[in-house]
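Peer 1: Predicted coordinates and the sequence they were generated for:
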Number of protein chains: 2
Amino acid sequence: MFNFTFQLPTLAIFGQGQIKKISQHIPKNARILVTTGGGSVKKNGVFSQVEAALADFEWIEFSGIEPNPTYETLMNAVELVKKENIDFILAVGGGSVLDGSKFIASAALFNGAPWDILAKHAPITETIPVATVMTLPATGSEMNGYAVISRKETGDKLSFASELVRPVFAVLDPTTTYSLPERQTANGVVDAFVHTFEQYMTYPVNAKIQDRFAEGVFQTLIEEGPKALQNPADYDVRANIMWSATMALNNILSVGVPQDWASHAIGHELTALYGLDHAQTLAIVVPSLMMHQKIHKRAKIIQFAQRVWQFNGENADEAVDYAIQRTREFFEQMGVKTRFRDYSIDDSQFSVILDKLEQHQGYNLGEHKNLDRQAVKEILYAAL
Amino acid sequence: MFNFTFQLPTLAIFGQGQIKKISQHIPKNARILVTTGGGSVKKNGVFSQVEAALADFEWIEFSGIEPNPTYETLMNAVELVKKENIDFILAVGGGSVLDGSKFIASAALFNGAPWDILAKHAPITETIPVATVMTLPATGSEMNGYAVISRKETGDKLSFASELVRPVFAVLDPTTTYSLPERQTANGVVDAFVHTFEQYMTYPVNAKIQDRFAEGVFQTLIEEGPKALQNPADYDVRANIMWSATMALNNILSVGVPQDWASHAIGHELTALYGLDHAQTLAIVVPSLMMHQKIHKRAKIIQFAQRVWQFNGENADEAVDYAIQRTREFFEQMGVKTRFRDYSIDDSQFSVILDKLEQHQGYNLGEHKNLDRQAVKEILYAAL
């Protein structure tokens, strides 16, 4: 096990009817920016609960933060924040609204060109506090210090990280997810699954708690994901998925272990170029990457086969193939297709992907830093 | 799953060589009280690492906090804190030193009779910040807001809880546990196991992450506990046990689920009366309580048999008996005996135990509040 530090300062407020409690956790004289997305929170009653809870506060709304939130949109919010002397941001919606809000919170107080936060990982020293009413279990953004932002103009999709953007509190009410479109439910489950995968599917360092916890998240998502598609208003199913997604990316799985994240790096380029959903890109890349890296990841793939997919055979090669096959089948079962051809994408733009990846990440991706341009090219071709 | 809140503000600093980092996390002008126990940290090199790290700070030591720390000893420390204007407490040692320090931190600023914090659960509104270099994986006190304090004069052993006594930081260096006596290593593993048990072995509420995580802690302790007795200086074994003990009682297992804690309530009385180690009392009570409550806990005992003890049979009654038997055997394997007769204790003082328990807890113990005086009496007799 590697040395590590670990802390979860975000207050999770979990369960049905908890939105009203936000008033207890926002400073009395706060000037609040309430950020929202495309309007679903207006239709499903979440926004009116937030409005009721904020009755005694001063607040304004900034709506229209899109999926894969863009720098262009967010900079409009930054202007509003400055003009209105906003000192608290409440993100109401999914990971995109929250990630966008983390960027707004950072850019508004940033001394320099805000794009550098993403393009140059310029250090952030001060932010506006962010909190959230999170309505889409997927990104884990509600309890972590990460955000991913896109730029329309250049076709970039880049991430940044800071402890300062970890939300102050996160309300997680499973009933707010009953009305999610099937595609978003499915995407969220796949996203949380792959977050867990990025922190688990590397090489063993004898970190038993981290492995067991990751396996617990996998098993829960495998058991509950399909049920959410069948019975969208099953409270326990939604609650288990919601808590899984939070645990999948709040550092409890990543402490003391190697991490991969190559699938995410490649996937971000696929979203930027083809406009695929984030989870779709992961479902395409992960099985292909597992196959490509099956020698380097062998020990963990076998453990994954045995503990998560209940592989009982003796043959290790069969265990590896079984795990890859079952992973692909799980994504497909969730309705998220796993090959480029399913999205009518051919290899004609792969060189653009490879160039962009070089520009954004350099190469040497993955826990062994062994994924170079040729390796990523092979992974893309194997996913056709 | 029940509604809950969850937050882990304690900064865990985990791994070999981390003690030197404490200087980064203590306020520059702090006046520090360093609290210690019976002197083991002086012999194993931990204290000299702390001394080196505190070279630029003002600090004094209060030594001699005993196992099952006593009110009498701790009130001497409270006097010292007041006299020396202490504003930061660094507990160096095991759970007793840390629990004692939490009480010192609370009592020193308490407006009223400090004993009321324990006897009447008088609310705490202000405390001195507490941090720890934790050298004995067992109580989980390093990342939680609980403490247990004894009073020699009256034979009481009582607990209190406050978010204000959650440590600011906790250094967890597995190498500091290499020199632990076998008995303390074993006791710690049993203690962490039973903490997990108290939060898991109740009735199902379909909280899948909490169940899987608890099962992961059980499995890790079962795999690593015996190895620590065989190879006391195996880093990974010590690291896995250390992180297990922290996870076993930092609320990650307890959120959203019912809890029992009857074994602890009964066990505290056994320590107070007979002077048994805390873990010894738990090893005596748990198998007997499982047997007594096997109808009420049936579903979870079966799940425990299958997932933790790999019971593969079809017969549910056999699963229950198997789980109880394996639990008892695990405690015995760790060298912690599971019957009163192993400690030369007979039933002659049981009525005193039952009276004290009534005085301290009332009855209605356990997750169903169905353990009355008669039930506890039966549990005690079955453990003879």
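Peer 2: Nice, I can see it.
Peer 1: B:Ala248 versus the residue in the stretch 251-384 of chain A positioned nearest to chain B, what's the distance?
Peer 2: Among all residues of the stretch 251-384 of chain A, A:Gly256 sits closest to chain B, at 6.7 Å; criterion: C-beta to the nearest C-beta. Placement of C-beta: from N, CA and C, glycine included. From A:Gly256 over to B:Ala248 the distance is 17 Å, taken as C-beta to C-beta, to the nearest Å.
Peer 1: A:Ala30 against A:Ile60, yeah?
Peer 2: No - A:Ala30 is beyond contact range of A:Ile60, at 11.9 Å (criterion: C-beta atoms under 8 Å).
Peer 1: Tell me which of those two has more neighbours.
Peer 2: A:Ala30 (19 against 12; other C-beta atoms under 10 Å in any protein chain shown).
Peer 1: For the residue nearest to the more buried one when sequence neighbours are not counted, grab phi and psi.
Peer 2: Leaving aside its chain neighbours, A:Ala30 sits nearest to A:Phe88 (4.0 Å; criterion: C-beta to C-beta, 6 or more residues apart in numbering or on different chains). When quoted as degrees, to the nearest 10, the phi and psi of A:Phe88 stand at phi -160, psi 130.
Peer 1: beta partners of A:Phe88?
Peer 2: Beta-bridge partners recorded for A:Phe88 (DSSP bridges): A:Ile32.
Peer 1: got a list of what it touches?
Peer 2: A:Phe88 makes contacts with A:Ile26, A:Pro27, A:Ala30, A:Arg31, A:Ile32, A:Leu33, A:Ile128, A:Pro129, A:Ala131, as judged by C-beta atoms under 8 Å, 6 or more residues apart in numbering or on different chains.
Peer 1: How about A:Val285?
Peer 2: A:Val285 touches A:Ala262, A:Ser263, A:Ile266, A:Gly267, A:Leu270, A:Ile379, A:Ala383, counting by C-beta under 8 Å, 6+ apart.
Peer 1: now swap in A:His296 and tell me
Peer 2: If you count contacts by C-beta under 8 Å, 6+ apart, then A:His296 has A:Tyr203, A:Gly366, A:His368, A:Asn370 around it.
Peer 1: So it lies in a helix, does it not?
Peer 2: No - with DSSP: H, G, I helix; E, B strand; the rest coil as the criterion, A:His296 is located in coil rather than a helix.
Peer 1: Stretch A:249-262: end-to-end distance?
Peer 2: Taking C-alpha to C-alpha, to the nearest Å, the first and last residues of stretch A:249-262 lie 16 Å apart.
Peer 1: list the buried ones in it?
Peer 2: Residues A:249-258, A:260-262 are the ones in stretch A:249-262 that count as buried (16 or more other C-beta atoms under 10 Å in any protein chain shown).
Peer 1: In helices only, show me these.
Peer 2: A:Ala262 (DSSP state H).
Peer 1: For the nearest residue to A:Asn312 once chain neighbours are set aside, report the pLDDT, please.
Peer 2: What sits nearest to A:Asn312 in space, not counting adjacent residues and going by C-beta to C-beta, 6+ apart, is A:Gln306, at 7.8 Å. pLDDT, A:Gln306: 98.
Peer 1: thinking again about what came up before, give me the subset of the contacts of A:Val285 lying in helices.
Peer 2: Using DSSP H, those in helices are A:Ala262, A:Ser263, A:Ile266, A:Gly267, A:Leu270, A:Ile379.
Peer 1: pretty sure the fourth one is touching A:Ser288, no?
Peer 2: No - with contact defined as C-beta under 8 Å, A:Gly267 and A:Ser288 do not form a contacting pair (11.4 Å).
Peer 1: Dump the buried residues of stretch A:249-262 into CSV; add pLDDT as well.
Peer 2: Below are these laid out as CSV (pLDDT from 0 to 100):
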residue, pLDDT
A:Leu249, 98
A:Asn250, 97
A:Asn251, 97
A:Ile252, 98
A:Leu253, 98
A:Ser254, 98
A:Val255, 98
A:Gly256, 98
A:Val257, 98
A:Pro258, 98
A:Asp260, 98
A:Trp261, 97
A:Ala262, 97
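Peer 1: wait, what's in contact with the nearest residue to A:Thr139 once chain neighbours are set aside?
Peer 2: Nearest residue to A:Thr139, sequence neighbours excluded (C-beta to C-beta, 6+ apart): A:Gly95, at 3.0 Å. Applying C-beta under 8 Å, 6+ apart to A:Gly95 gives the contacts A:Met134, A:Leu136, A:Ala138, A:Thr139, A:Gly140, A:Ser141.
Peer 1: can you check A:Leu172 too?
Peer 2: Contacts for A:Leu172 (C-beta under 8 Å, 6+ apart) come out as A:Ala12, A:Ile13, A:Phe14, A:Gly15, A:Gln18, A:Met134, A:Pro137, A:Glu142, A:Met242, A:Trp243, A:Thr246.
Peer 1: With that, I have no additional questions.
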